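how would this look folded up:
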Amino acid sequence: MRKILIPSGIFLGLACAAIAMWLGFGWPFDEEGKWPTTPFDSAAWKALPEQQRYVMVRDLISRNIWDGLDRNEVVALLGPPDHEASNRITYFVKRGAVSMSLNETFYLDLYFEDQDGEITRHMVRGN
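I've put the predicted structure just below:
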């Protein structure tokens, strides 16, 4: 009886992994597969639909392209933000369906010292 349970467990594990891949979680739940990297280009970023900007986010963050830029210079680089507050601007970077019943949305938040100051921190957040 024990010999039958081991192959059944392996089959069940593989079936769960296949379902996870079908739902969009990657193999095995790997964020790298969901977030491919494309070098950041200002004109390309501005031309991309908001749900496709995520391909440039890793490069944008890793290179700290916005170092030393004030709010107006960041907006010139990235285009008009999708949301603005007094000390923060937000860009949608990924919207889409993970499955038929789940949606995912990710945002790039850039925080400033004040209305005209430089970036103090950044964050990618999502649901």
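
Is the closest residue to D41 other than its chain neighbours within a helix or a strand, and which one?
Computed as CB to CB, 6 or more residues apart in numbering, the closest residue to D41 that is not its neighbour in sequence is M56, at 7.4 Å. From N, CA and C alone the C-beta is placed, and that goes for glycine too. Secondary structure from DSSP states H and E places M56 in helix 54-62.

Are there helices or strands packed against the next helix-or-strand element following that helix, and which ones?
Proceeding C-terminally, helix 54-62 gives way to helix 71-78 as the next helix or strand, assigned by DSSP H and E. Identification of packing neighbours for helix 71-78 by 3 or more CB pairs under 8 Å, 6 or more residues apart in numbering; DSSP states H and E yields helix 42-47, strand 88-97.

Name whatever forms a beta bridge with Y111.
According to DSSP bridges, the partner residues bridging Y111 are R88, R121.

Surely it touches A85?
No. The criterion here is CB atoms under 8 Å, and Y111 misses it with A85 at 9.3 Å.

which one of those two has more residues nearby?
Legend: neighbour count by other CB atoms under 10 Å for Y111 and A85, higher for Y111 (14 against 11).

how is the protein carved up into domains?
Using automatic domain parsing, the domain parsing of the chain gives 1-33, 35-126.

I'd like to know which of the helices and strands packed on helix 71-78 lies nearest to I119.
Of all the helices and strands packed on helix 71-78, it is strand 88-97 that lies closest to I119, at 9.4 Å by CB to CB.

what's the angle from the helix holding M56 to helix 71-78?
Put simply, helix 54-62 runs at 140 degrees to helix 71-78, going by axes from the mean of the first three to the mean of the last three CA atoms, to 10 degrees.

CA-only coordinates of helix 54-62 in PDB, if you can.
Taking C-alpha atoms only, helix 54-62 is exported to PDB below (Å, rounded to 0.1, in the frame of the first residue of the first chain):
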ATOM      1  CA  TYR A  54       6.400  46.600 -15.400                       C
ATOM      2  CA  VAL A  55       9.000  45.300 -17.900                       C
ATOM      3  CA  MET A  56      11.100  48.400 -17.300                       C
ATOM      4  CA  VAL A  57      10.600  48.700 -13.500                       C
ATOM      5  CA  ARG A  58      13.500  46.600 -12.400                       C
ATOM      6  CA  ASP A  59      16.000  48.400 -14.600                       C
ATOM      7  CA  LEU A  60      14.600  51.800 -13.600                       C
ATOM      8  CA  ILE A  61      15.000  51.000  -9.900                       C
ATOM      9  CA  SER A  62      18.300  49.200 -10.100                       C
END
